[in-house]
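Enquirer: pasting a predicted model and its sequence here:
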Amino acid sequence: MTNWRWWLCSLLFVATTVNYLDRQVLSLTYKEFIAPEFHWTDANYGTITSFFSIFYAIACLFAGKFVDWMGTKKGYLIAIGVWSAGACLHAACGWATAGLVDGVANAQALKAVEAGSNVALAISTTSVYLFLLCRGILALGEAGNFPAAIKVTAEYFPKKDRAFATSIFNAGASVGALAAPLAIPPLAKHFGWEMAFIIIGALGFIWMFFWAFMYDKPEKSQHVNEAELAYIHQDDAAEAAEKAAEAAEKEKSIPFLKCFTFKQTWQFIVGKFLTDGVWWFFLFWAPAYFHDQFNAPASSPRGQALIFTLYAIVTVVSIFGGYLPKLFVEKKGMHPYPGRMLAMLIFAFFPICSLLAQPLGMHFNSPWWPAILIGLAAAGHQAWSANLFSTIGDMFPKGAIATITGIGAMAGGVGSMIIQKVAGNLFTYAENAGAAFRFLGFEGKPAGYFIIFCFCGIAYLLAWIIMKSLVPKYKPIVIE
């Protein structure tokens, strides 16, 4: 049997890695390079990250349908082309801000403007809008990544392997976040933050070349032999009618509005809405947290080591998350869906670690406790996410998979928008209030961080309980 499906899974892994590298450039250059130049506050940064989340959410609503309409190959090429262009465009924001604000000679003069002045306010306002435009383009393209990738796993893997395959390509998120602190701050420090955006953004254009030549439908691919094709389609009821059944299934689609009439859709929406924001909060705010609370800038060896350690834990633990339901199916004889839900319950307990991150970090005055505990919490998210995505393939026909994935991704984006905006405003308020702002023994900005950590800790268990109540047992959608 050939194993071409794993080569494509590797390509999905690389795309997801690039996807998260592009997202991380802003968070790793924000505190040290961008905020001083554009006179930003945490509220400004929260506005930008929340806008990215909501625009990503809106784009996800249509991205699934777009991928279903264009097909996996063309849809993925267009998506990564758009987001790579958007990533590179961030580099022009400094030049554009200097050109639009009166009294500023060039981009190099932005930082020298007096803090709190009208010119500084104009710089921060103008630059925020320019970054919003670039983040919007980035979000528009990135919205197509997961619908397309999930569609590929449904095309190339039987049900029992999909969570494992998803966990592998989904690990690209943590690997991208793992590579980011080692690559992005040094690039920004030695060549300027603009070059960090350009170099990282250009990686997507290289990926497009490989995708164009490597991907095709399994039935048409010259790299897939009959044995592998039979393995891919092992879930089909009748082997003799395999190709006809597959063709019929692909033609099945669900009208967009009708998707919302199924409890299975709402189960996925709840799972994404309550938990995606937790991952994005850690992704966007962890570098700022270590900088603010422990004086560890992202470009310092200590700051790089902290972020690297955090995502190293995520990478190692999260891959096992996709293997766990496979183990339940093969060793315990469970059906894939109950096995997946049991695995998700187990991983829903991991984020509780984040409740201890702030207390232990401040008590021992060490950022290593938060780095390790947030790493375990984030690993729980990635393992949870791999199984959550796979529930779509369990419940829905293949013709609707990308659409449902897009709907769920929108819900996750809305949840993320809320937590990003709340976090940015909360941190700015808490910092200004100082000792007057208290929460469970913490005061000032540390109290603000602890409030967000408390939500992160309980979000997954809450989501699992609601999901289980919506769909207590395995119940696939049947389209007449």
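Expert: Thanks, I have the structure now.
Enquirer: then stretch 155-168 to CSV, C-alphas only?
Expert: Taking Å, rounded to 0.1, in the frame of the first residue of the first chain, the C-alpha atoms of stretch 155-168 are listed here in CSV:
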residue,chain,number,x,y,z
GLU,A,155,-10.9,12.8,1.4
TYR,A,156,-7.7,10.9,2.3
PHE,A,157,-8.3,9.2,5.7
PRO,A,158,-10.8,6.7,7.1
LYS,A,159,-12.7,7.8,10.1
LYS,A,160,-10.5,6.0,12.6
ASP,A,161,-7.4,7.9,11.4
ARG,A,162,-8.8,11.3,10.9
ALA,A,163,-8.3,12.6,14.5
PHE,A,164,-4.7,11.4,14.3
ALA,A,165,-4.1,13.0,10.9
THR,A,166,-5.8,16.2,12.2
SER,A,167,-3.6,16.3,15.3
ILE,A,168,-0.5,16.0,13.1
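Enquirer: give the rounded mean pLDDT of it.
Expert: The average of the pLDDT scores along stretch 155-168 is 82.
Enquirer: how distant is it from the center of its chain?
Expert: Offset of stretch 155-168 from its chain centre (C-alpha atoms, centre = their mean, to the nearest Å): 19 Å.
Enquirer: and the helices in the stretch 351-480 of the chain?
Expert: Secondary structure of the stretch 351-480 of the chain, counting by DSSP state H, counting those that start in this stretch: helices at 354-363, 368-395, 398-433, 445-470.
Enquirer: so which bits of the last one are buried?
Expert: Buried residues in helix 445-470, counted by 16 or more other C-beta atoms under 10 Å: 445-453, 455-457, 459-460, 463-464, 467, 470. Every C-beta, even on glycine, is put in place using the N, C-alpha and C of the backbone.
Enquirer: try the third one
Expert: Along helix 398-433, these residues count as buried under the neighbour rule (16+ other C-beta under 10 Å): 398-417, 419-428, 430-431.
Enquirer: please apply the same query to the first one.
Expert: Within helix 354-363, the residues that qualify as buried are Ser354, Leu355, Leu356, Ala357, Gln358, Pro359, Leu360, Gly361, Met362, counting by 16+ other C-beta under 10 Å.
Enquirer: residues touching the closest residue to the second one other than its chain neighbours, list them.
Expert: The one in question is Leu355. Spatial nearest neighbour of Leu355, excluding adjacent residues (C-beta to C-beta, 6 or more residues apart in numbering): Gly457 at 4.0 Å. When contacts are counted by C-beta atoms under 8 Å, 6 or more residues apart in numbering, Gly457 touches Pro351, Ile352, Cys353, Ser354, Leu355, Ala377.
Enquirer: out of the residues you listed, who's nearest Asp22?
Expert: For those, the closest approach to Asp22 (C-beta to C-beta) belongs to Ala377, at 23.2 Å.
Enquirer: what's around that closest one, how many residues?
Expert: Counted with other C-beta atoms under 10 Å, the neighbours of Ala377 add up to 28.
Enquirer: just the pLDDT for it.
Expert: Ala377 is given a pLDDT of 94.
Enquirer: quick one: contacts for it?
Expert: Contacts of Ala377 by C-beta under 8 Å, 6+ apart are Val278, Phe282, Phe350, Pro351, Ile352, Cys353, Ser354, Ala357, Cys456, Gly457.
Enquirer: go on, Val82?
Expert: Taking C-beta under 8 Å, 6+ apart, one finds Ile137, Leu140, Gly141, Gly144 in contact with Val82.
Enquirer: most neighbours, which of those residues?
Expert: Going by other C-beta under 10 Å, Gly144 tops those with 30 neighbours.
Enquirer: from Leu61, how far out is that one?
Expert: 12 Å (C-beta to C-beta, to the nearest Å).
Enquirer: could you do Lys258 as well?
Expert: Distance from Lys258 to Leu61, counting by C-beta to C-beta: 15 Å.
Enquirer: Tyr20 now?
Expert: From Tyr20 to Leu61 the distance is 21 Å (C-beta to C-beta).
Enquirer: wait, which of the buried residues of helix 354-363 is closest to Ile150?
Expert: Using C-beta to C-beta, the shortest approach to Ile150 within the buried residues of helix 354-363 belongs to Ser354, at 26.8 Å.
Enquirer: let me see the contact set for that closest one.
Expert: Leu373, Ile374, Ala377, Phe453, Cys456, Gly457.
Enquirer: got the residue ranges for the strands in the protein?
Expert: 438-439, 442-443 (DSSP state E).
Enquirer: pull the contacting residues for Pro181.
Expert: Contacts of Pro181 by C-beta under 8 Å, 6+ apart are Leu28, Pro287, Ala298, Gly303, Gln304, Ile307, Phe308, Tyr311.
Enquirer: if we use 10 Å, what do you get?
Expert: Contact partners of Pro181, counting by C-beta atoms under 10 Å, 6 or more residues apart in numbering, are 24, 27-28, 286-287, 298-299, 303-311.
Enquirer: now Ile78
Expert: Phe66, Val67, Met70, Gly141, Gly144, Ala148, Met208.
Enquirer: okay, those residues in a markdown table with pLDDT and distance to Pro336 next?
Expert: Output for these, formatted as a markdown table (pLDDT from 0 to 100; distance: C-beta to C-beta, whole Å):
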| residue | pLDDT | distance to Pro336 |
| --- | --- | --- |
| Phe66 | 87 | 28 |
| Val67 | 86 | 24 |
| Met70 | 87 | 29 |
| Gly141 | 93 | 32 |
| Gly144 | 89 | 26 |
| Ala148 | 89 | 22 |
| Met208 | 94 | 33 |
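Enquirer: what's the burial count for the nearest residue to Ser27 once chain neighbours are set aside?
Expert: Distances taken as C-beta to C-beta, 6+ apart put Phe284 closest to Ser27, at 4.8 Å, once the chain neighbours are dropped. Applying other C-beta under 10 Å, we find 27 residues neighbouring Phe284.
Enquirer: surely Phe284 is in contact with Leu26?
Expert: Yes - with contact defined as C-beta atoms under 10 Å, Phe284 reaches Leu26; the gap is 7.8 Å.
Enquirer: overlap in contacts, those two.
Expert: Counting by C-beta under 10 Å, 6+ apart, the contacts common to Phe284 and Leu26 are Tyr45, Ile48, Thr49, Phe52.
Enquirer: let me know the pLDDT of the last one.
Expert: Reported pLDDT at Phe52 in the predicted model: 91.
Enquirer: the third one too?
Expert: Listed pLDDT for Thr49 reads 93.
Enquirer: buried ones in stretch 256-267?
Expert: Cys259, Phe262, Gln264, Thr265, Trp266, Gln267.
Enquirer: in space, what's closest to the second one - neighbours in sequence excluded?
Expert: Nearest-residue entry for Phe262: Ile477, 6.0 Å, with adjacent residues in sequence omitted and distances by C-beta to C-beta, 6+ apart.
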